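1. what's the 3D shape of this:
(one chain, ligands or ions: 1)
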Amino acid sequence: MQENRIRIDSLEKYGVIPREELISLLSSYDDEDRAYAAQKARAISLRHFGNKVYFRGLIEISNYCKNDCYYCGIRKSNKNACRYRLTPEEILTCCRYGYEAGFRTFVLQGGEDLWWTDERVAALVSQIKENYPDCAVTLSLGEKDTESYRRLFAAGADRYLLRHETADQTHYGKLHPPELSLKNRKRCLEDLIEIGYQTGCGCMVGSPYQTCANLADDLLYMKKLHPQMIGIGPFIPHKDTPFRDFPAGKLEDTLFLLSLIRIMHPHVLLPATTALGTIQPDGREQGILAGANVVMPNISPEEARKRYLLYDRKVDAGADALKNQMLLQERIEAIGYEVVVSRGDYKEETEQ
Ligand code: SAH
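-> A predicted model of the protein is given here:
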């Protein structure tokens, strides 16, 4: 559609377009518009990162969670979730294998587990940084107070991933119980940036009750926040949550959003997520071709991978981590990209 091409061109030129224009774009785009955006987005990532894809080793440290997000399979009310918590020693062992396999970023993700006090997380982060001074540590452990974020940063954490989930107050209330607020989520993100973390926000695509206006507001919020990383993936229902009967987010919508994000944030670190690889076998490769430049293979021990189930049929939950990684690497090479062994920090200047 001619109007949509013009909107995409303006996004590239100005980095943003008015909200009403974004809403029109998101509610009327077709396959050709998607291809047009993907081609632009891909050219931008090639310009800034070459044909390189950064690998991050994801370690799922605990599926205990004190929160009750309606979409999430590890919410506290899910009595069917088989809970586990890795010990610091098990996590250090994962890092050792991960380091040998070439990873230079470890992402520690988990539910909001009260056992993992600031003191314990800080000790673990310091130990990882001591063992592997050339590696970056990314935390994704949910909402904390300002002081806790400071403490973990002081212990050596480099990056923090905290999706804002939705930038619209009313929509936020439909996805979360009343004790969680968008206001606090945003406060956390502002703190993280202020403290000096390379910070990631993001949202699910196709989450229940999401409208095109919500997605437009997500894009505008991301633009304003100016994070170093943005994580998006399709919503996928989990059978033991209140959202079990909602449909999954669509591959095409997620790919289009990835492209728009790349066009609006040329330097951002943008993963092709596990959820994308779950709704479609080659979803992550398609994500890279739509402008993503990061993948996060799961390097958790098998027992943990089987139990850290945010949604149904998660890809790679079973087989051997190293085998999964090799297969993913081959598939990425097959589309003409190269997997790089480096910390892959955020930079505003172009690498190539
Ligand atoms: N406790 C941490 C980590 C949450 S899990 C935190 O609060 O940040 C990481 C992300 O998985 C979430 O931010 C959410 O966007 C995504 N997620 C959770 N349930 C999902 C589902 N059913 N489908 C797709 N993504 C989901």
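2. up against the ligand, what does the stretch 251-352 of the chain have?
-> Counting by CB under 6 Å from any ligand atom, the residues of the stretch 251-352 of the chain lying close to the ligand are 275, 310-311. Backbone N, C-alpha and C define where each C-beta goes, glycine included.
3. mind pulling up the pLDDT for Asp316?
-> pLDDT recorded at Asp316 is 78.
4. out of everything not next to it in sequence, what's closest to it?
-> Distances taken as CB to CB, 6 or more residues apart in numbering put Asn324 closest to Asp316, at 4.6 Å, once the chain neighbours are dropped.
5. just the CA atoms of the helix or strand that contains the one you found, as PDB, please.
-> Counting by DSSP states H and E, the element that carries Asn324 is helix 321-334. Written as PDB, here are the backbone C-alpha positions of helix 321-334 (Å, rounded to 0.1, in the frame of the first residue of the first chain):
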ATOM      1  CA  ALA A 321      21.900 -27.500  25.000                       C
ATOM      2  CA  LEU A 322      25.100 -27.800  23.100                       C
ATOM      3  CA  LYS A 323      23.300 -29.700  20.300                       C
ATOM      4  CA  ASN A 324      20.600 -27.000  20.100                       C
ATOM      5  CA  GLN A 325      23.300 -24.300  19.900                       C
ATOM      6  CA  MET A 326      25.100 -26.100  17.100                       C
ATOM      7  CA  LEU A 327      21.900 -26.600  15.100                       C
ATOM      8  CA  LEU A 328      20.900 -23.000  15.600                       C
ATOM      9  CA  GLN A 329      24.300 -21.800  14.600                       C
ATOM     10  CA  GLU A 330      24.200 -23.900  11.400                       C
ATOM     11  CA  ARG A 331      20.800 -22.500  10.500                       C
ATOM     12  CA  ILE A 332      22.000 -19.000  11.000                       C
ATOM     13  CA  GLU A 333      25.000 -19.600   8.800                       C
ATOM     14  CA  ALA A 334      22.700 -21.100   6.200                       C
END
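6. which of the residues in that helix are buried?
-> In terms of neighbour count (16 or more other CB atoms under 10 Å), helix 321-334 has its buried residues at 321, 324-325, 328-329, 331-332.
7. go on, stretch 65-77?
-> Buried, per 16+ other CB under 10 Å, within stretch 65-77: 65, 67-76.
8. kindly check the end-to-end length of that stretch for me.
-> 9 Å (CA to CA, to the nearest Å).
9. can you redo the buried residues of stretch 65-77 as a markdown table with distance to the ligand and secondary structure?
-> Shown next, in a markdown table, are the buried residues of stretch 65-77 (distance: CB to the nearest ligand atom, whole Å; DSSP: H, G, I helix; E, B strand; the rest coil):
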| residue | distance to the ligand | secondary structure |
| --- | --- | --- |
| Cys65 | 6 | coil |
| Asn67 | 7 | coil |
| Asp68 | 12 | coil |
| Cys69 | 7 | coil |
| Tyr70 | 9 | coil |
| Tyr71 | 4 | coil |
| Cys72 | 4 | coil |
| Gly73 | 6 | coil |
| Ile74 | 8 | coil |
| Arg75 | 9 | coil |
| Lys76 | 12 | coil |
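10. tell me the first helix or strand C-terminal of the helix holding Asn324.
-> In N-to-C order, the element after helix 321-334 by DSSP H and E is strand 338-340.
11. hang on, the earlier thing: now tabulate the residues of the stretch 251-352 of the chain next to the ligand in JSON lines and tack on secondary structure.
-> Supplementary listing: those in JSON lines, determined by DSSP: H, G, I helix; E, B strand; the rest coil:
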{"residue": "Ala275", "secondary structure": "helix"}
{"residue": "Leu310", "secondary structure": "coil"}
{"residue": "Tyr311", "secondary structure": "coil"}
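12. the residue minimising distance to the centre of the chain: which element?
-> Residue closest to the average C-alpha location in the chain (CA atoms, centre = their mean): Gly231, at 3.0 Å. Here Gly231 sits within strand 229-234, counting by DSSP H and E.
13. what comes into contact with that strand?
-> Residues outside strand 229-234 that contact it (CB atoms under 8 Å, 6 or more residues apart in numbering) are 159, 161, 163, 198-206, 222, 248-251, 253-254, 257-258, 261, 265, 268-271, 273-276, 279, 294, 346.
14. in strands only, show me the residues you listed.
-> If you go by DSSP state E, the contacts of strand 229-234 have 159, 161, 198-205, 294 in strands.
15. a markdown table for those residues, including neighbour count and pLDDT?
-> Shown next, in a markdown table, are the ones in strands among the contacts of strand 229-234 (neighbours: other CB atoms under 10 Å; pLDDT from 0 to 100):
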| residue | neighbour count | pLDDT |
| --- | --- | --- |
| Arg159 | 24 | 98 |
| Leu161 | 26 | 98 |
| Gln198 | 19 | 98 |
| Thr199 | 24 | 98 |
| Gly200 | 27 | 98 |
| Cys201 | 27 | 98 |
| Gly202 | 22 | 98 |
| Cys203 | 26 | 98 |
| Met204 | 25 | 98 |
| Val205 | 25 | 98 |
| Val294 | 23 | 97 |
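16. okay, now the unreliable bits of the stretch 101-250 of the chain?
-> Along the stretch 101-250 of the chain, no part satisfies pLDDT under 70.
17. span of stretch 56-67 from start to end?
-> First residue to last in stretch 56-67 (CA to CA) measures 26 Å.
18. which residue is the nearest non-sequential neighbour of Gly344?
-> Tyr54 (3.6 Å).
19. hang on, that neighbour in a strand?
-> Yes - assessed by three-state DSSP, Tyr54 belongs to a strand.
20. does Pro227 touch Cys201 like I think?
-> Yes - with contact defined as CB atoms under 8 Å, Pro227 counts as touching Cys201 (5.0 Å).
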